[in-house]
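Participant: Turn this into a model:
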Amino acid sequence: AAVAAAAAAFPLTSATPPATRRAWLGAVAGALEAHAEQLWALADEETALGEPRLRGELAKCAASARFYGTVAADGRWIGALIDSVPGPVPTELRRAQLSLGPVAVFGASNFPFGFGVLGHDTCSALAAGCPVVVKAHPAHPRLSLALAELATEALRAAGAPDGTFGLVAGFEAGLALVDAPDVSAVAFTGSQRAGLALVERAAKRDRPIPVFAEMGTVNPVVVTPSGARAPEQVATGFVESFTLGHGQFCTKPGLLFAPAGAGIREEVGRLVAAAPPGWLLTRGIADSYRDGVARLVETGATVLSTAPDAPDQVADASGFAARPTALGVGLDALRPGSPLLEECFGPVALLVEYDCLEDALAAVARLQPSLAGAVITSGPEDPDTGRAVAALAAQVGRVVVDGWPTGVATSWGMNHGGPWPATSRPDASSVGATALLRFTRPVCFQDAPQEALPPFLRDENPWGLPITRTGA
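Facilitator: Below is the predicted model:
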């Protein structure tokens, strides 16, 4: 029923001017802010992420909704182009990105607002003119329902057609959503295993559809030889970054390459030993974390340091407790196919010492591609910055210099994606202005009469969108 309603709404949403879609998303953002107190409290009951984190994430979620509305109204993402081709028989080509159709969204457990029911995938799809049906995440089902009710009411009040937004729940419903013939694309944020399962299922449909899966990976950080001059500063940034949110970020720096003898290894060990304990989002995630750390040790990693035992109130949290851990491993152990190159979701990271930067960069080339990477340098004059950045750029979707990759800005220039298997579609970003392009397809109209063209490709251009003109 949700998919049928979305299919019925699609001719209306796709034909709605982007400026109107901006008003829809503004209404959703306003509703989020108006109900902030109830929403963050409900989210905390289900996730235990804490008031400061959840308040901040909710505020960013509302800001992101407005951002995607602004991108939609700007119109450049549509890529409207009129090309007059000269010749004995002149031809006119008019080309643009057209809305794809109803989109199925599978949100993440670790960002109940930012990548949940009303997160980046949902808002960018609505901005692109596509109705959305979200599959509620089992880690926060009550919050998912509350957000869905809020969005449905806000969109209806703003004039959006019925069916513009819908919610389903349960594993079987999620599979049915992928199989539904009227669904035109799937957006997913989560683990590699679940993401690849959705890619495979969508490929087996009678009419395969794209799955834009953003999946977990090990994000590398390279400290150049001269960048290691302040070992305490580097270690502090690394530990704070990989334990942020108790390690439950897809951009967590999971692997640090540091010069041997620089003292970074010792500083990381000291800081992790003093790190506060905490708990993970679900019992399943906590179990997987403990199994993952044990597997890394069995594969050859050495425990450098572990946070103290959790206090009783954490240890008794229904098995959700987890202790931050730092592991050491040799360069030669980083081989394709090794479990050392697979993500362990939670507050654990590997530290690798190198004698020669070239050896470290060669190891980077053996890694699974990932979402993000970072280079820590001594400053603008560091002679090794260029080659370290180039090595990471071949492997990741975003390279950070003298910073940590954990935070992702919702902005025009952001890319949150990466080569396979960081994402199922390496040309797509799930955050930023280009996120809308996932839910469109290019169409060229050759010598079509005005009345047969989309409004934004007609001479009068009633939507007032930017148009590029080329040719004679």
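Participant: In which helix or strand does residue 292 reside?
Facilitator: In this structure, residue 292 sits in helix 283-299 according to DSSP states H and E.
Participant: What's the first helix or strand after that helix?
Facilitator: Proceeding N to C from helix 283-299, the next assigned helix or strand is strand 302-306, under DSSP H and E.
Participant: what helices or strands is that following strand leaning on?
Facilitator: Other helices and strands packing on strand 302-306, by 3 or more Cβ pairs under 8 Å, 6 or more residues apart in numbering; DSSP states H and E, are helix 264-273, strand 325-328. No exception for glycine: its C-beta is placed from N, CA and C like everyone else's.
Participant: what comes up buried for the first one?
Facilitator: By 16 or more other Cβ atoms under 10 Å, the buried positions in helix 264-273 come out as 264, 265, 267, 268, 269, 271, 272.
Participant: Residue 105: which of these is nearest?
Facilitator: Relative to residue 105, the closest of the buried residues of helix 264-273 is residue 272; by Cβ to Cβ it sits at 35.8 Å.
Participant: if I read this right, residue 334 contacts residue 368, doesn't it?
Facilitator: No - the pair residue 334 / residue 368 is not scored as a contact, 10.2 Å apart, by Cβ atoms under 8 Å.
Participant: anything in contact with each of the two?
Facilitator: Contact criterion Cβ atoms under 8 Å, 6 or more residues apart in numbering; residues shared by residue 334 and residue 368: residue 341.
Participant: any idea how far residue 440 is from residue 309?
Facilitator: As judged by Cβ to Cβ, to the nearest Å, residue 440 and residue 309 stand 52 Å apart.
Participant: Those two: which is more packed in?
Facilitator: The neighbour comparison of residue 440 against residue 309 (other Cβ atoms under 10 Å) goes to residue 440, with 21 against 11.
Participant: how about that one, what does it touch?
Facilitator: Applying Cβ under 8 Å, 6+ apart, we find residue 440 in contact with 77, 78, 97, 98, 99, 100, 128.
Participant: And the helix or strand harbouring residue 365, what does it pack against?
Facilitator: Secondary structure from DSSP H and E places residue 365 in helix 357-366. Packing partners of helix 357-366 (3+ Cβ pairs under 8 Å, 6+ apart): strand 219-223, strand 253-259, strand 348-354, helix 385-393.
Participant: Might you calculate how far that helix sits from the centre of the chain?
Facilitator: Between the mean C-alpha location of helix 357-366 and the chain-wide mean there is a distance of 26 Å, by Cα atoms, centre = their mean, to the nearest Å.
Participant: and the next element down the chain from that helix?
Facilitator: Trace forward from helix 357-366 with DSSP H and E and the next one is strand 370-376.
Participant: How about residues contacting that next one?
Facilitator: Under Cβ under 8 Å, 6+ apart, the answer for strand 370-376 is 214, 217-224, 227-228, 234, 237, 250-251, 253, 364, 385, 388-389, 392, 395-405, 416-418, 422-423.
Participant: what bridges to residue 103?
Facilitator: Bridge pairing for residue 103 (DSSP bridges) gives the partners residue 132, residue 185.
Participant: circling back to that earlier point, average model confidence for the helix holding residue 365?
Facilitator: Averaged over helix 357-366, pLDDT sits at 96.
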